[in-house]
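Student: Next one to model:
(chains A and B)
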Protein chains: 2
Amino acid sequence: MARPQTQPARGMRDFLPEDVRRREYVIGVIADVYRRYGFEPLETPAVENIETLMGKYGEEGDRLIFKILKRGEEGRQTGLTDLALRYDLTVPLARVVAEYRGALPRVFKRYQVQPVWRADRPQKGRFREFYQCDVDIVGSRSPIVETELCAAVSDVLERLGFEDFTIRLNDRRVLTGLLDAAGLPADQHGTALVAIDKLDKIGIAGVREDLQGRGVAEGIAARLVAVFAHPAEVGASGIAPARAWHDLLAAWTEGTLAAAGLGGTLGPASAEAQAARESLESILALSRETSAARHMQLDLSLARGLSYYTGAIMEISVPDLAGSLGGGGRYDGLIGMFLGEQIPACGFSLGLERILVVMSERQMFPPALTSVSADVLMTIWSAERAADAIALATSLRRAGVRVDVYPDADKLGKQFKYASSRHIPFVAVVGDDEAARGEVTIKDLNTGEQRTVARADAVTLLKDDRR
Amino acid sequence: MARPQTQPARGMRDFLPEDVRRREYVIGVIADVYRRYGFEPLETPAVENIETLMGKYGEEGDRLIFKILKRGEEGRQTGLTDLALRYDLTVPLARVVAEYRGALPRVFKRYQVQPVWRADRPQKGRFREFYQCDVDIVGSRSPIVETELCAAVSDVLERLGFEDFTIRLNDRRVLTGLLDAAGLPADQHGTALVAIDKLDKIGIAGVREDLQGRGVAEGIAARLVAVFAHPAEVGASGIAPARAWHDLLAAWTEGTLAAAGLGGTLGPASAEAQAARESLESILALSRETSAARHMQLDLSLARGLSYYTGAIMEISVPDLAGSLGGGGRYDGLIGMFLGEQIPACGFSLGLERILVVMSERQMFPPALTSVSADVLMTIWSAERAADAIALATSLRRAGVRVDVYPDADKLGKQFKYASSRHIPFVAVVGDDEAARGEVTIKDLNTGEQRTVARADAVTLLKDDRR
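Tutor: Got it, this is the predicted structure:
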């Protein structure tokens, strides 16, 4: 018989103990910080009714959803699917808010750390099962919401040891306003945003080409490129790009574009864009009082992929990483798709896998996370002495010591080797002599030193040595 | 437009914050105890290749596996499935041991707490997505393995506050030996075990009827009933059933059945049954030195459903619960199905949902788990004072206080009401007067008492009051 396949399914991963410890450490920090901000935990099922998910993520998203066959004869014969695997944590949140509206507080602040599944082609750093760490505030349109979210996310990253991240901030209404003011027809907004979103990857010339390839008229493409290139050009003269974006937004909304060297490029700013500017400025001003102070950066070229955003959008970059560590934004229309009534909401999603990749590369994990699986290995001298060994293990565990018990009366050398291989620092031996005298011999595998003590003193010895 | 369905999928559940806190508490205790026994965490994907799962759980199991449609045109047209949702945590463990054998310690002790999915008909207390908490030791045939597992599980339950649970213990080889010795043909063993497994539900007369309904010859059914009724009959005369099971096992394996009043009922015990008796007695003797001491009970009528068990089997009962809190056993053949080479293994699985049900009914959760979502609500006096409020929230959070910030400058009464509804004990107000003097007013919502203090003193006030 051929040996059966034992690898995990394509694009999925097994997490051995050391992996799990690292993941649990990061998730622990995230949950701890979010709780400190008053967020509460939520969990939803991995499996949703298929109609809950379809049509929420765009055409590409629909294609990447894992679909579950109907049970019984019907499924086998027709190939009908009625359920699907969770694709993100935002749509389930919207469903939950619609379902339990009456039981939830007026402002619902939740965090959720769970896996999602996407049938993407697997590649380096992209998996078909991965964790999202989401934090959302439902029920308010105030810029305090975005401020709190950016602060919480900054606190998480700083607690994990990140120093050099940037939270890029923009507003969908500003983007839409800029495209309108450049004369782009509304039906080309979506495709233009995809091109603009690539600015940091393909540069300004690339974006211009891409825009024209997508059917954007030459004159409009030129105007857009002038706008999106402006901060880089101004930046070349020594002004930071964030400041340049800020000045551009001010000049446009105040009608002083000519003075900024962009006269004739853009039409006037819409009332929506004016409101968005105020909101962005509030978020930036309030963020000065939070952990996000050093990290926030206005960036009018930030677009974000998902179609459901309606206001502020955010994305986190670190220098060495091509993609982002996370992102989010305001989606005031999504819950209404489930509830009828419109309920404003805004959220941030951190990508656990990306964070782990960067932390591994930069060796940012605390040394205590290495694979010490127990404080002491209780060896088995002989079948007759097994009960003594187990009795001592029981009393050590009751005192809080982590004790691994070796299961077989193998040669002591083999048992010691097993302890070393598991990075267990001490071994305990209750041989016939020790048993007769109520003692135990404890050996430090790092120094080779060994001491025989009364069993009652073993706890003290092991606890002292653990410090 | 009809309002879309917003309930979770059939048999699945959303966990609101209070539910999650209870689940996290129980999972935390389980993980903490298992780590104290030297077990290490493992996680496997929710999705497995379909051939990894099929044929491992029996016909009924195969039918209950959720199957995932192949992606793309092929899946849509043919209804072909290539992936499936995890059905338990034991088969994935066996796959992992086969795949990573070289990287794992000779004795691999792992715990795993993850959801599994079964397309069962949902009913009270039975769900289609539920958590299993598994603990297994791979790589040894020693009875120390079973002892350690029973001790760890007992410690978990005692730490959660259970006092009155019983770990029933049996061995598949004893059961098989008893059926053989009663003259039952091997091909009727499976169906007879299903009948015997119902002893506590339908009583001895019920089992007799059930056996005959399943085609067991009348004489053999009578002999089996005499054996399985014996402890109850002896029990009626004042001897505890566990003792009676023990005496029966001894009499049978020592050939003194006649003296025990069962002469002629059973043929001689097989060598396998002799070995099983020794193993059971070792487990019971060693367990006297552990946390399981008061809980272990020999019960030769315990059968367990899964077909892969080969030796000891265990099940946990508590008085008010019809089903069990968990169970397990030795499966020395399962890993060999993936690896070729036989590797012995034994494990225990706790049912999280059952534990939660009993703990809720008996009100066993610590009071601190109630829904206090933050230590203080920072109110927003006005849009102009928002930055002061956020600055104070930032410094309180840095000092470890959990601060919720209200997002809107609503009337204070409304903000206070929100704090009460979330069980937040204090509210903080930075109004125009407080801002001018660098102060904050903090109100205790339980006593109504309020104090205005320098902002630097707010931490002390809130931390003191938290005690």
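
Student: show me where pLDDT drops low in the stretch 101-250 of chain A?
Tutor: Applying pLDDT under 70 to the stretch 101-250 of chain A picks out residues A:235-239.

Student: Which positions in it make contact with chain B?
Tutor: Contacts of the stretch 101-250 of chain A with chain B, taken as CB under 8 Å from any CB of the partner chain, map to A:103-107, A:109-110, A:115, A:117, A:119, A:128-129, A:137, A:139-140, A:142, A:144-145, A:147-148, A:151, A:155. Yep, even glycine has a C-beta here, placed from its N, CA and C like the rest.

Student: ditto for the stretch 251-400 of chain A
Tutor: Residues of the stretch 251-400 of chain A lying near chain B (CB under 8 Å from any CB): A:285-286, A:288-291, A:337-340, A:371, A:373-374, A:377, A:380, A:386-387, A:390-391, A:394, A:397, A:400.

Student: Tell me how many other residues surround A:A205.
Tutor: When neighbours are defined as other CB atoms under 10 Å in any protein chain shown, A:A205 has 10 of them.

Student: now A:E74
Tutor: If you count neighbours by other CB under 10 Å, A:E74 ends up with 12.

Student: What's the ChimeraX line that selects buried ones from the residues of the stretch 251-400 of chain A next to chain B?
Tutor: Provided next is the ChimeraX selection string for whichever of these are buried by 16 or more other CB atoms under 10 Å in any protein chain shown:
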select /A:286,289,290,291,337,338,339,373,374,377,380,386,387,390,391,394,397
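
Student: Just the residues of the stretch 251-400 of chain A next to chain B: which are in strands?
Tutor: Using DSSP state E, A:L377 are the members of these that sit in strands.

Student: Filter the residues of the stretch 251-400 of chain A next to chain B down to the ones in helices?
Tutor: A:285-286, A:337-339, A:386-387, A:390-391, A:394, A:397 (DSSP state H).

Student: closest point of the stretch 51-200 of chain A to chain B, which residue?
Tutor: Going by CB to the nearest CB, chain B is nearest to A:G79 of the stretch 51-200 of chain A, at 2.5 Å.

Student: show me the contacts for the closest residue to that residue other than its chain neighbours.
Tutor: Using CB to CB, 6 or more residues apart in numbering or on different chains and skipping the chain neighbours, the partner closest in space to A:G79 is B:G79 (2.5 Å). Contacts of B:G79 were listed using CB atoms under 8 Å, 6 or more residues apart in numbering or on different chains, and they are A:69, A:75-80, B:69.

Student: What of A:T81?
Tutor: A:T81 sits next to A:50, A:67-70, A:75, B:69 when contact means CB under 8 Å, 6+ apart.

Student: Show me the shaky parts of the stretch 351-467 of chain A.
Tutor: In the stretch 351-467 of chain A, residues with pLDDT under 70: A:370-371, A:464-467.

Student: mind listing the helices in it by residue range?
Tutor: A:352-361, A:386-398, A:412-421, A:432-437, A:458-466 (DSSP state H, counting those that start in this stretch).

Student: before we move on, what about the stretch 201-350 of chain A?
Tutor: Taking DSSP H, counting those that start in this stretch, the helices of the stretch 201-350 of chain A run over residues A:218-236, A:241-254, A:271-287, A:334-339.

Student: Which among the ones you listed is found nearest to A:R21?
Tutor: A:R21 lies closest to helix A:271-287 among the helices of the stretch 201-350 of chain A, at 33.4 Å (CB to CB).

Student: what's the closest one in contact with?
Tutor: Contacts of helix A:271-287 (CB under 8 Å, 6+ apart): A:143-144, A:146-147, A:150-151, A:169-174, A:176-178, A:181, A:249-250, A:252-253, A:269, A:293, A:296, A:298, A:311-312, B:386-387, B:390.

Student: Any of the residues you listed buried? List them.
Tutor: A:143-144, A:146-147, A:150-151, A:169-174, A:176-178, A:181, A:249, A:252-253, A:269, A:296, A:298, A:311-312, B:386-387, B:390.

Student: if we can go back for a sec, the contacts of A:T81: which two are farthest apart?
Tutor: Taking CB to CB, no two of those sit farther apart than A:I50 and A:G75, at 12.6 Å.

Student: one step back: filter the residues of the stretch 101-250 of chain A next to chain B to the buried ones?
Tutor: Counted by 16+ other CB under 10 Å, those give A:104-107, A:109-110, A:115, A:117, A:119, A:128-129, A:137, A:139-140, A:142, A:144-145, A:147-148, A:151, A:155 as buried.

Student: Can you list which of these are found in helices?
Tutor: Reading helices off those with DSSP H, I get A:144-145, A:147-148, A:151, A:155.

Student: which of the helices of the stretch 351-467 of chain A sits most buried?
Tutor: For those, average neighbour numbers computed from mean count of other CB atoms under 10 Å in any protein chain shown are highest in helix A:386-398, which has a mean of 21.
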